[in-house]
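**Student:** heads up, no residue letters with this:
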Ligand SMILES: O=P(O)(O)OC[C@H]1O[C@](O)(COP(=O)(O)O)[C@@H](O)[C@@H]1O
Ligand SMILES: [Mg+2]
Ligand SMILES: [Mg+2]
């Protein structure tokens, strides 16, 4: 029986897609795979290993950092620092970017942005969480220290992006601009195997995903779109089904597989929305577009937004293209 191809084999086989490839991006993806395995191992025994609960400090977002946020952040940084593929890293859990300026790193050509633990509010309650990553080629000269400009690039400049979802099974899903591919972790063998090649999202789906608890704070156009989703009209599959896990990675993954839309709008409580452009929205936008879907801030394509700050937030509309078009139409109608 033909066995599934491993992530490592797939990365090497697909290196040929990049005529200029020297293997650094492949090695970098392998480093992310390793760090993902290490975080996965900790998450699986979180309750036992006394790594649930708050770490007692706040991050740059003003959120109480969870112990696993800190642990995952440390594991990704130490793994990527041990290898020479990147010259800098930025993370949700750190105010400033890190410059890797020693000999093995200063000539590296890539920078990484990570959300080391996505869905932090779900860690303690055994609900799926994840890790999100975005990779750019530096704009500064190799051999010089990376600068903030190396991170503040528009999403369409990403060379790779992906996520790990630590759920009923652990998966790594990524793109390098040649489709979206999903790999399932086999803990018995300790390897990721190709289980979802060339993932495509439906043009139109039956699931809408939004925290309706924020309804009173939402723009009129979003309120009207939610009401539209809930109306009875079999001809347009309505009412749609509401699903909201509260972990972006898990809600995104479900919608990618089944079709649907995820929305985190701006609101009176969060004037620019909640999600961060650089290490949440950009990587998910790259993935959903590569899978045939769409991602915007309600008006502008996410990957065309020029970032100005490391931790800036944007409203996020992401998923099946016809559903995002529909939601955007409501925003235009109510001039939101
Ligand atoms: O609880 P809310 O306001 O609905 O927010 C949930 C959203 O916030 C997040 O938890 C933010 O990500 P972090 O957990 O990485 O901070 C998303 O994963 C999720 O979609
Ligand atoms: Mg997050
Ligand atoms: Mg996070």
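**Tutor:** Everything's here; your move. Note that this is a predicted model, so its numbers are computed, not measured. Ligands and ions are numbered 1, 2, ... in the order given.
**Student:** Would you mind listing where the stretch 201-336 of the chain has pLDDT under the threshold?
**Tutor:** Along the stretch 201-336 of the chain, no part satisfies pLDDT under 70.
**Student:** can you pull out the strands in it?
**Tutor:** Using DSSP state E, counting those that start in this stretch, the strands of the stretch 201-336 of the chain run over residues 207-209, 241-242, 261-264, 294-296, 316-319.
**Student:** What is the neighbour count of residue 48?
**Tutor:** 8 (other Cβ atoms under 10 Å). Every residue, glycine included, has its C-beta placed from N, CA and C.
**Student:** Specify the local secondary structure of it.
**Tutor:** Secondary structure for residue 48, judged by DSSP: H, G, I helix; E, B strand; the rest coil, is coil.
**Student:** dump the residue contacts of it.
**Tutor:** Contacts for residue 48 (Cβ atoms under 8 Å, 6 or more residues apart in numbering) come out as none.
**Student:** Return the distance of residue 103 relative to residue 84.
**Tutor:** Remark: distance between residue 103 and residue 84 (Cβ to Cβ, to the nearest Å) = 9 Å.
**Student:** Tell me which of the two has more neighbours.
**Tutor:** Each of residue 103 and residue 84 has its neighbours counted (other Cβ under 10 Å); residue 84 has more, 19 against 7.
**Student:** my read: that one touches residue 104, true?
**Tutor:** Yes: at 3.9 Å, residue 84 counts as touching residue 104 under the criterion of Cβ atoms under 8 Å.
**Student:** Which residues are in contact with each of the two?
**Tutor:** Counting by Cβ under 8 Å, 6+ apart, residue 84 and residue 104 have no contacts in common.
**Student:** and the residue lying closest to residue 70 once chain neighbours are set aside, which of the three is it?
**Tutor:** Closest residue to residue 70 apart from its sequence neighbours, by Cβ to Cβ, 6 or more residues apart in numbering: residue 55 at 4.9 Å. Secondary structure for residue 55, judged by three-state DSSP, is strand.
**Student:** next one: residue 182
**Tutor:** Look at residue 182: counting by three-state DSSP, its state is strand.
**Student:** and the closest residue to it other than its chain neighbours, how many residues sit next to it?
**Tutor:** Of all residues not flanking residue 182 in the chain, residue 196 sits nearest, at 3.1 Å (Cβ to Cβ, 6+ apart). Each residue near residue 196 was counted by other Cβ under 10 Å, and the total is 15.
**Student:** was I right about residue 196 contacting residue 172?
**Tutor:** No: contact criterion Cβ under 8 Å: residue 196 and residue 172 do not qualify, at 10.3 Å.
**Student:** Now the common contact residues for those two.
**Tutor:** 182, 183.
**Student:** Quick one: residues contacting the residue in the stretch 51-200 of the chain positioned nearest to ligand 2.
**Tutor:** As assessed by Cβ to the ion, ligand 2 sits closest to residue 118 within the stretch 51-200 of the chain, at 3.5 Å. Contacts for residue 118 were tallied using Cβ under 8 Å, 6+ apart; they are 129, 130, 131, 132, 163, 247, 248, 249, 280.
**Student:** go again using 10 Å as the cut-off
**Tutor:** Residue 118 makes contact with 69, 72, 92, 128-132, 163-166, 247-250, 252, 275, 279-280, 284, according to Cβ atoms under 10 Å, 6 or more residues apart in numbering.
**Student:** Mind giving me the ChimeraX command for buried ones among the residues you listed?
**Tutor:** The following ChimeraX line selects those of the contacts of residue 118 that are buried, judged by 16 or more other Cβ atoms under 10 Å:
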select :69,72,92,128,129,130,131,132,163,164,165,166,247,248,249,250,252,275,279,280,284
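**Student:** contacts with ligand 2 among the contacts of residue 118, please.
**Tutor:** Restricting the contacts of residue 118 to those adjacent to ligand 2 (criterion: Cβ under 5 Å from the ion) gives residue 280.
**Student:** how far away is residue 14 from ligand 1?
**Tutor:** Distance, residue 14 to ligand 1, by Cβ to the nearest ligand atom, to the nearest Å: 29 Å.
**Student:** looking at it, that residue is touching residue 8, isn't it?
**Tutor:** No: contact between residue 14 and residue 8 fails when scored by Cβ atoms under 10 Å: they sit 11.2 Å apart.
**Student:** and for these two, which residues touch both?
**Tutor:** Common neighbours of residue 14 and residue 8, using Cβ under 10 Å, 6+ apart, are 26, 29.
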